[in-house]
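Trainee: Sharing a sequence plus its predicted fold:
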Amino acid sequence: MDGDKRLKSIYNLLIIALLLLAVAIRGGATFEWLKPNEAPLYTMTDVQTVFPKASGFDKESDNSLSVYDKDDRLLGYALVSSDFEVSDQGYGGAVPILIALNTDKIVTAVHLLKHNETGDFIKHLQKKGLLDSWNQLPLDTLLSSFEVDAVSGATKSSQAIIRTFRSTVNEHLNTASSGMNISVMRVLQLFAMLLLIAFSLLMMFRKRFRKLYIYYLGGVVLVMGLWLNKMLSLELLHVWLSSSLSWQSNWELIIILLLTLVLALRGYKNYYCTYLCPMGAVQILTARLSPFKKRALNLKVSVFNIRLIYLSLIAAGLIIGYSLPLAHLEPFMAFSYQVASVWLLAAAALIVILSLFFHRPWCQLCPTGCLLNTIPALHKKRKT
């Protein structure tokens with residue numbers, strides 16, 4: 001009997017894998033990371049964004065581009081980060097840029113090339129004027145050391161763009177690169193994240209640590225939610241499936257996803273939702289502070305749970321080919337309150353209010369939680 005259940009679990013796992021593969025391929029995944037990348041990451045359209053009169057360009061021996069108009073008059077130059085093998089990582093992977101220079105080698109524009117960063121983050125950076133920070137500065141050895149502050153609310157994205165700009169200029173000028181300078185703040189962030197992961201496992205397998213659960217959840221909200229804005233979501237999983245797994249910027253979440261998968265296969269299904277989801281932590285903390293009696297929300301349509309229906313509709317839309325705004329189908333971006341829309345902030349506020357009266361209301365709808373919960377168990381959960 002146990003063998004039949006295990007076989008059924010393996011079958012269910014294969015079905016999930018095939019569905020994810022279908023979503024990835026329909027979402028544009030070509031698995032180019034398995035092949036040598038020969039095609040340029042920019043087109044004439046990108047060049048014309050910063051040189052509207054451009055009709056052609058030539059790549060020079062120093063890897064810069066000389067840009068010409070229809071009469072072969074030189075309009076200026078362009079430096080493309082990928083041509084200098086510069087690849088700094090943001091939230092969703094590399095953030096390649098094109099730096100436009102006039103004929104006097106003065107920066108006239110910085111254009112962001114194709115990327116996988118969340119659109120709301122990029123709009124926030126543009127609104128704050130990050131890409132205009134270097135305009136009218138000369139291309140010399142002082143340019144790469146020009147101080148530009150990271151933009152709060154989209155810190156990871158802005159830091160990646162700043163480092164990409166500096167590295168591209170350094171490579172072009174053949175100056176010493178600053179390399180991988182890890183700040184004290186980044187070290188503190190990594191330490192805090194690893195500490196949370198360690199405590200989550202201790203609380204799951206060691207009962208004596210569970211008395212610290214509420215204090216621990218406060219740490220999850222502060223560190224993963226408000227400080228780092230790192231959490232599993234459909235948008236992040238879709239980027240990983242359709243583009244690439246950018247481990248350089250997301251290794252903490254990759255570790256969490258692998259732990260979630262392994263523990264689910266071992267029978268511990270709700271590891272992430274119970275211990276590491278910032279939105280789940282907010283709901284539990286709110287419920288603890290509420291004086292009202294909590295009621296369970298059993299949102300079902302016939303025999304089907306509503307979150308399964310919600311996840312199925314999203315998956316179907318992606319497979320059919322709709323470009324769904326995945327970042328807006330879940331309230332997680334509300335933790336990036338400086339970037340989040342009014343509607344997302346209102347949705348997060350509604351979840352907090354409902355948590356005063358109901359047990360974890362968002363969890364009854366959460367498609368990410370539903371996806372993680374569909375991982376079949378190959379072993380029975382052992383009591384701890």
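Mentor: Arrived safely, thanks for sending.
Trainee: Phe205: neighbour count?
Mentor: 12 (other CB atoms under 10 Å). C-beta coordinates here come from the backbone N, C-alpha and C atoms, glycine included.
Trainee: any idea of the pLDDT on it?
Mentor: If you check Phe205, the pLDDT there is 89.
Trainee: any residues touching stretch 167-176, and which ones?
Mentor: When contacts are defined by CB atoms under 8 Å, 6 or more residues apart in numbering, stretch 167-176 is touched by residues 62-64, 79-81, 84-86, 88, 97, 99, 139-141, 143-144, 177-178.
Trainee: Mind listing what's buried along that stretch?
Mentor: Residues of stretch 167-176 classed as buried by neighbour count (16 or more other CB atoms under 10 Å): 167-172.
Trainee: Please, where are all the helices along the stretch 51-200 of the chain?
Mentor: 119-127, 155-173, 184-205 (DSSP state H, counting those that start in this stretch).
Trainee: Need those in a markdown table (columns: distance to His359).
Mentor: Converted to a markdown table, the helices of the stretch 51-200 of the chain look like this (distance: least, CB to CB, whole Å):
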| stretch | distance to His359 |
| --- | --- |
| helix 119-127 | 30 |
| helix 155-173 | 33 |
| helix 184-205 | 20 |
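Trainee: Check those for me and report the most buried one.
Mentor: helix 155-173 (a mean of 23; mean count of other CB atoms under 10 Å).
Trainee: Residue ranges in this protein under the pLDDT threshold?
Mentor: 1-40, 175-183, 243-249, 303, 379-384 (pLDDT under 70).
Trainee: For it, which segments count as strands?
Mentor: Per DSSP state E, the chain carries strands over the ranges 56-59, 65-68, 74-80, 97-101, 107-112, 300-301, 304-305.
Trainee: want to throw those into CSV with mean neighbour count and distance to Ser323?
Mentor: Shown next, in CSV, are those (neighbours: other CB atoms under 10 Å; distance: least, CB to CB, whole Å):
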stretch, mean neighbour count, distance to Ser323
strand 56-59, 14, 30
strand 65-68, 20, 30
strand 74-80, 21, 26
strand 97-101, 23, 24
strand 107-112, 20, 19
strand 300-301, 11, 26
strand 304-305, 14, 26
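Trainee: of all those strands, which lies closest to Leu236?
Mentor: strand 107-112 (19.4 Å; CB to CB).
Trainee: Give me the sheet partners of that closest one and which way each runs.
Mentor: strand 97-101 (antiparallel) (DSSP bridges).
Trainee: what does the strand it pairs with contact?
Mentor: Identification of contacts with strand 97-101 by CB under 8 Å, 6+ apart yields 42, 46-47, 49-51, 76-81, 107-113, 134, 139, 161, 164-165, 168-169.
Trainee: Any idea how many residues pack against Trp343?
Mentor: 11.
Trainee: Can you name the residues that contact it?
Mentor: Shown in contact with Trp343 (CB under 8 Å, 6+ apart): His328.
Trainee: hmm, 10 Å instead?
Mentor: 328, 331, 334 (CB atoms under 10 Å, 6 or more residues apart in numbering).
Trainee: Look up how far Ile254 lies from Thr141.
Mentor: 37 Å (CB to CB, to the nearest Å).
Trainee: Between these two, which is the more surrounded one?
Mentor: Ile254 (14 against 11).
Trainee: circling back to that earlier point, of the strands of the chain, which approaches Leu237 most closely?
Mentor: strand 304-305 (19.7 Å).
Trainee: Pull the residues that contact the closest one.
Mentor: 298-299, 311-312, 364-365, 370, 373.
Trainee: switch to 8 Å and redo it
Mentor: In contact with strand 304-305 (CB under 8 Å, 6+ apart) are residues 299, 364, 370.
Trainee: okay, these in TSV with distance to Leu345 and neighbour count next?
Mentor: Converted to TSV, those look like this (distance: CB to CB, whole Å; neighbours: other CB atoms under 10 Å):
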residue	distance to Leu345	neighbour count
Leu299	23	13
Gln364	21	20
Cys370	24	22
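Trainee: Just want the phi and psi numbers for Asp104.
Mentor: Here is the backbone geometry of Asp104 (degrees, to the nearest 10): phi -90, psi 10.
Trainee: and if you look at Ala296?
Mentor: phi -80, psi 140.
Trainee: roughly how far apart are the residue sitting furthest away from the middle of the chain and Gly56?
Mentor: Most distant from the centre of the chain: Asp71, at 43.7 Å, with distances by CA atoms, centre = their mean. Between Asp71 and Gly56 the distance, using CB to CB, works out to 11 Å.
Trainee: Overlap in contacts, the two.
Mentor: Here Asp71 and Gly56 have no joint contacts, going by CB under 8 Å, 6+ apart.
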